[in-house]
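Undergrad: for reference, the sequence and a predicted model appear below.
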Amino acid sequence: MKAYLYILMNYLAHAYLSFDNPDILTGNMISDFVKGNKKLDFAIGIQNGIMLHRAIDEFTDNHPATKQAKEFFKKDYRLYAGAFVDIVYDHFLALDKNEFANDEALKLFASKTYQKLENYSAIFPERFGRYFEYMKTQDWLYSYRHTTFIERSFEGLTKRATYITDWKMACNVFNENYDPLRNCYAHFFKELKVFSFNRFSQLLNT
């Protein structure tokens, strides 16, 4: 299977919003591959990361800026609009100089993230283990900064989706509405970061 078929979610945001905690990072990254109470199979630190991931997703989905961003994709992609927006948000996060001062800062963050996750590879769900190999070798976390990578991610999402087939339309939507989508990200991410850190702190103190 081609690597681009795996690129589906906003891995960069979930990694970044783990606040350098390896257990939280691992749970945050594997959460979509751990259904329901299967989280109880993992150590408490990993469980906290899974719960943080779910809280981030809920906050993101319900934020007014996200709802506005989804409108750009809704006409052509309906229920999948949110998945496209997640990928777009990671692109703007990768370019956000308030979070990554320069290209090297993003590169270093990506490298350290892969190293931390490597230490937990023995407990990865099987599917995430396959994803992680591509993520690491192709440096996905850094590559979100490139529009070509975002377009490959759109293609991967479309090929794995049930009811949609045309990924090029998503590329057109992204390119034609680049600035408005960036504005949605700008209105959203600062609030998400504050929310995520507060939830992170609560989980560590329970």
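TA: Yes, it's here. Residues are numbered from 1 along each chain as shown.
Undergrad: check the chain for its longest helix and report it.
TA: helix 178-204 (DSSP state H).
Undergrad: mind listing what Lys39 touches?
TA: For Lys39, the contacting residues are 27, 31, 46-47, 50-51, by Cβ atoms under 8 Å, 6 or more residues apart in numbering. Backbone N, C-alpha and C define where each C-beta goes, glycine included.
Undergrad: Lys35 and Met29, how far apart?
TA: 15 Å (Cβ to Cβ, to the nearest Å).
Undergrad: can you check Tyr16 too?
TA: On the measure of Cβ to Cβ, Tyr16 and Met29 end up 11 Å apart.
Undergrad: what does Asn62 give?
TA: Between Asn62 and Met29 the computed distance is 22 Å (Cβ to Cβ).
Undergrad: where does this structure dip in pLDDT?
TA: The chain contains residues with pLDDT under 70 at 1-9.
Undergrad: what ranges does it have for its helices?
TA: Counting by DSSP H, the helices of the chain are 11-16, 22-30, 44-62, 64-77, 81-94, 103-118, 126-137, 140-143, 147-160, 168-176, 178-204.
Undergrad: same list (those helices) but as CSV, adding mean neighbour count.
TA: As requested, these are exported to CSV (neighbours: other Cβ atoms under 10 Å):
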stretch, mean neighbour count
helix 11-16, 25
helix 22-30, 25
helix 44-62, 19
helix 64-77, 18
helix 81-94, 24
helix 103-118, 16
helix 126-137, 16
helix 140-143, 22
helix 147-160, 19
helix 168-176, 16
helix 178-204, 16
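Undergrad: contacts only, for the closest residue to Thr165 other than its chain neighbours.
TA: Leaving aside its sequence neighbours, Thr165 sits nearest to Thr158 (Cβ to Cβ, 6 or more residues apart in numbering; 6.3 Å). Taking Cβ under 8 Å, 6+ apart, we find Thr158 in contact with 164-167, 170.
Undergrad: could you do Lys35 as well?
TA: By Cβ under 8 Å, 6+ apart, the contact set of Lys35 is empty.
Undergrad: state the distance from it to Thr147.
TA: 33 Å.
Undergrad: try Lys70
TA: 20 Å.
Undergrad: where's Asn62 relative to Phe188, distance?
TA: 11 Å.
Undergrad: to clarify, my last question referred to Asn198.
TA: For Asn198, the distance to Phe188 - Cβ to Cβ - is 16 Å.
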